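**Student:** quick one, fold the following:
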Amino acid sequence: MSHTRIAMNLLWCVPGVGGSEEYLVRQLLGLEEIEHDYEIEVFAPLGFSQRQPKIAQLFAVHEAPNDCSRRAVRIWLEHTWLAKKTRSFSLVHHGGGTLPRRGNKKTLLTVHDIQWIDYPNYVSPLKLRYLQRVVPSSVRRASRIAVPSRFVANSLTKAFGVAASKIGVVRHGLEGDLVSITTDEATLREKFSLGNGPVLVFPAITHPHKNHLFLLNLLINAGGAWADPSLRIIFAGSQGSHHSQVLAFINEHDLSSRVVMPGRVSDKDRNGLLKMADAMVFPSEYEGFGAPVIEAMRMGAPIISSDRASLPGVIGDAGLVLPLTVEAWADALDVVRRRRTELVASGHSRSQLFTAALSATDLVEQYRIALNGQQ
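**Tutor:** Next comes the predicted model:
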């Protein structure tokens, strides 16, 4: 085996980053499933190995002397501790969308999305100024850029003039044992007080672009199956910047008996909820990829999604992809119930395009191109 050493910078992986961490972790799991000539070592915040024991078992994990919960500390450590530790590596893979100005010159930069350009009002002014200053320079200086979807690749070219030849798509992929890690339906109905009626699942943090208020509005105004008093929507995600507004809407419109908000649930519970759901609903305004839709495909949940950003390209014909209007979604529950067998089969088939092994294969190809100086 070659001794080509690659460092993966995960210092930005602090609790709460959610899907972006999962994306890179699944790539690491996939790297263990395929043959390649690289020796991967992980550089992560203090406490990462305890949160990701499987990664710590499979890879050499170097933990920083700080949990990196403060952006300023993380940036300082990237320019000092990380730069020194990775000096002898052939390539440093920076997974958090920005590139330090000091360190190894051979780099692969993963950019998850540039939502802040389309929705600047969804980002704090301080973070927005930071992104506006750092991201353009990072994409310009990176040896190679990896993105989760063609949508993000096109967005980078449009926003920053990045040559399409400098960008490679590394798809999101699911681990092979996902379907075996599942809580049974009876346990979930009791645990989350779901009753005996239909269940919809929305696995998303309560950030404004996730669009929880759109679903709540459907319960009030869409009529038909949405007005069924036994219908439960479970918002399975941690608290985001729009959480108080979501709670206020639920209280104002007396929806607390129909909306279940358990916070972030375990992988077992998430999988079980998807397996039992009438549908996984995903009205997001912006996704760089949208991992929950492929998780739903794998677990057999029909998908009702918005037609925004990357989602149409990821879902294909394996779900309903609809404009974000009450009229478009009004009969969606009836449609997915009528077409359930067809949609579940299409989802299972399409999910085979998104495995951890295939994601890792994409990543290895980007490593090869970056190391060879190709575009």
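**Student:** so which residues of the chain form strands?
**Tutor:** Using DSSP state E, the strands found in the chain span residues 4-9, 38-44, 60-63, 91-94, 107-110, 144-147, 167-169, 199-202, 232-235, 259-260, 279-282, 303-306, 320-322.
**Student:** quick check: angle from the longest one to strand 4-9?
**Tutor:** What that stands for is strand 38-44. Here the directions of strand 38-44 and strand 4-9 differ by 20 degrees (axes from the mean of the first three to the mean of the last three CA atoms, to 10 degrees).
**Student:** outline the domain layout of the chain.
**Tutor:** If you go by automatic domain parsing, the domain ranges for the chain are 4-175+356-372, 178-351.
**Student:** can you put these in JSON lines and add mean pLDDT and mean neighbour count?
**Tutor:** Every residue, glycine included, has its C-beta placed from N, CA and C. Listed next are the domains of the chain as JSON lines, based on pLDDT from 0 to 100; neighbours: other CB atoms under 10 Å:
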{"stretch": "domain 4-175+356-372", "mean pLDDT": "95", "mean neighbour count": "19"}
{"stretch": "domain 178-351", "mean pLDDT": "95", "mean neighbour count": "19"}
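**Student:** contacts only, for Arg339.
**Tutor:** With contact set as CB atoms under 8 Å, 6 or more residues apart in numbering, Arg339 has these partners: Pro302.
**Student:** got phi/psi on it?
**Tutor:** Main-chain dihedrals, Arg339, degrees, to the nearest 10: phi -110, psi 20.
**Student:** what's the distance between it and Tyr130?
**Tutor:** The gap separating Arg339 from Tyr130 is 45 Å, by CB to CB, to the nearest Å.
**Student:** same question, Val25
**Tutor:** Counting by CB to CB, the gap from Val25 to Tyr130 is 25 Å.
**Student:** check Lys84 too.
**Tutor:** Applying CB to CB, the value for Lys84 to Tyr130 is 24 Å.
**Student:** and for Glu185?
**Tutor:** Per CB to CB, Glu185 is found 44 Å from Tyr130.
**Student:** wait, isn't Ala370 in contact with Lys106?
**Tutor:** Yes: using CB atoms under 8 Å, Ala370 makes contact with Lys106 at a distance of 6.7 Å.
**Student:** what residues are shared contacts of those two?
**Tutor:** Leu91, Ser143.
**Student:** hmm, Gln115 is touching Tyr122, no?
**Tutor:** Yes: the criterion here is CB under 8 Å, and Gln115 meets it with Tyr122 at 7.0 Å.
**Student:** common neighbours of these two, please.
**Tutor:** His209.
**Student:** in contact with Leu109, which residues are there?
**Tutor:** Applying CB under 8 Å, 6+ apart to Leu109 gives the contacts His94, Gly97, Thr98, Leu99, Ser138, Val139, Ala142, Arg144, Ile145, Ala146.
**Student:** tell me how far it lies from Glu285.
**Tutor:** Distance from Leu109 to Glu285, counting by CB to CB: 25 Å.
**Student:** quick one: Val147 from Ile117, how far?
**Tutor:** 14 Å.
**Student:** before we move on, back to that, reformat the contacts of Leu109 as TSV; add distance to Leu311.
**Tutor:** Shown next, in TSV, are the contacts of Leu109 (distance: CB to CB, whole Å):
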residue	distance to Leu311
His94	26
Gly97	20
Thr98	25
Leu99	28
Ser138	26
Val139	23
Ala142	26
Arg144	26
Ile145	21
Ala146	20
